[in-house]
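Asks: Provide a 3D model corresponding to the input given below.
(one chain, ligands or ions: 1)
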Amino acid sequence: MSANTPYVLVTGGAGFIGSHTVLELLTQGYNVVVADNLQNSCAELLQRIKKLAKIDSLPFHKVDLTSIDEIRSIFSQYKIVSVVHCAALKAVGESVRRPLAYYRNNVTGTLNLLEVMIENNVSDLVFSSSATVYKSDPSGRPFKENASDLGSNSPYGRTKLYTEQIIHDVVSAESGWNAIMLRYFNPTGAHESGLLGEDPSKVPNNLMPYVAKVAVGKLDKVHVFGDDYDTRDGTGVRDYIHVMDLAEAHVAALKRLDEKRGYEVFNLGSGAGQSVLEMIKAMEAACGHPIPYVVEPRRSGDIDTIVCDPTSAEKELGFRVTRGLDKMCEDLWRWQKNNPDGYNTESS
Ligand code: WQD
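Replies: Okay, the predicted model is just below:
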């Protein structure tokens, strides 16, 4: 590649969403530089991306975004023309215990990234945000991108909310900036090859990686947090979206930036909701055997139903999910069955 080759920088590109987005970008012909601190991922994953993308080299830099000079070093080596910013700590419960670590990593890291983008006249950004920026609404109505619904109840969610607002202020202050916030609902699934997937470094906080670990025998049973919610079967309802649908949405957003529309926000979800028990049942169909579970008290902070109104992303981005519940579970099961210990291939 020449010094003038344009690159997309993907921060957190070795993470769950980031890695699938990197693969989709490569598949669609983009040149990608991956930056990741490898705190919740590993270099093996990058080998697999190269194999799937059929490329010999993939620029990777182990970078801590809280060090602005490490970010500067990347921009000095490549002609970065746009950024997909996925790097973040994302465990809600952990953020309550370690708020400063979350503000430092997620907010200060983004401030550094934005500073270096401005220094290098890079003004196109896609930001990995989350439905967690919304206030809990017990009515269960589908969420639109309404500013009046903003107000997270966790430090993690607030890092995403504050980062969105910081980016909005930069777009207002700087000429020519375009930024798109993608508010994910509940990502799950895996690349259909079975080579890429979610690999939490500790016991999974989220439902589906936990269910997958029980299905493959690494954990003994699913703990269902409450069955007394006001839902079809009493268990929590969420809007699950296949990670490859999410990856495709990132590329659609990157293309949308060329239309120079300034600051935009899109919810990413299916618009449908599934309960915990329905997800367990769908995973049983995928793996072909029962998945044991026990019902326990509610997890603090959880609410009955959180689903997306996907109409804005459909109308403006031309994006809609194409992978349903069965595909999510089939792909998740293939990943977990082939990689019972995640990317830690030595231990399997
Ligand atoms: C889903 C449902 C639980 C685990 C979180 C973050 C959000 C986003 C997605 C990053 C709920 C139930 C869960 C378990 C269970 N992440 N559950 N047993 O809480 O909707 O969203 O992940 O952006 O920011 O808040 O996802 O997967 O934790 O829970 O019964 O072991 O499964 O009560 O109803 P959640 P989740």
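Asks: can you pull the contacts of residue 57?
Replies: If a contact means Cβ atoms under 8 Å, 6 or more residues apart in numbering, then residue 57 has residue 50 as its contacts. Any C-beta I mention is one placed from the backbone N, CA and C, and that applies to glycine too.
Asks: look at residue 247 and report its pLDDT.
Replies: Looking at residue 247, its pLDDT stands at 98.
Asks: quick one: buried residues of the strand or helix carrying it?
Replies: Element membership of residue 247 [criterion: DSSP states H and E] is helix 243-257. Of the residues in helix 243-257, those buried by neighbour count under the rule 16 or more other Cβ atoms under 10 Å are 243-254, 256-257.
Asks: how about the nearest residue to residue 125 once chain neighbours are set aside, what does it touch?
Replies: If you skip the residues right next to it in sequence, residue 125 has residue 179 as its closest partner in space, 4.4 Å away by Cβ to Cβ, 6 or more residues apart in numbering. For residue 179, the contacting residues are 124-127, 167-168, 170-171, 257, 262-264, taking Cβ under 8 Å, 6+ apart as the criterion.
Asks: residue 179 bridge partners, please.
Replies: Each beta-bridge partner of residue 179 is listed here: residue 125, residue 263, as defined by DSSP bridges.
Asks: ok, it to residue 305 distance?
Replies: When distances are taken as Cβ to Cβ, to the nearest Å, residue 179 and residue 305 turn out to be 30 Å apart.
Asks: again with residue 268
Replies: The value you get for residue 268 to residue 305, if Cβ to Cβ is used, is 17 Å.
Asks: looking at the two, which is more packed in?
Replies: Ranked by neighbour count (other Cβ atoms under 10 Å), residue 268 and residue 305 place residue 268 first, with 26 against 20.
Asks: tell me which parts of the stretch 201-348 of the chain are close to the ligand?
Replies: Of all the residues in the stretch 201-348 of the chain, those in contact range of the ligand (Cβ under 6 Å from any ligand atom) are 205-207, 210, 223-225, 236, 238, 276, 299, 302, 306.
Asks: tell me the two of the residues you listed that are most distant?
Replies: The span of those, defined through Cβ to Cβ, is set by 223 and 306 at 19.3 Å.
Asks: quick one, which of the two is more surrounded?
Replies: For residue 223 and residue 306, the more surrounded residue by other Cβ under 10 Å is residue 306, and the numbers stand at 22 against 15.
Asks: per-residue pLDDT, that one?
Replies: According to the model, residue 306 scores 96 on pLDDT.
Asks: got the phi and psi for the nearest residue to it once chain neighbours are set aside?
Replies: In space, and not counting its chain neighbours, residue 306 is closest to residue 238: 5.5 Å by Cβ to Cβ, 6+ apart. When quoted as degrees, to the nearest 10, the phi and psi of residue 238 stand at phi -140, psi 170.
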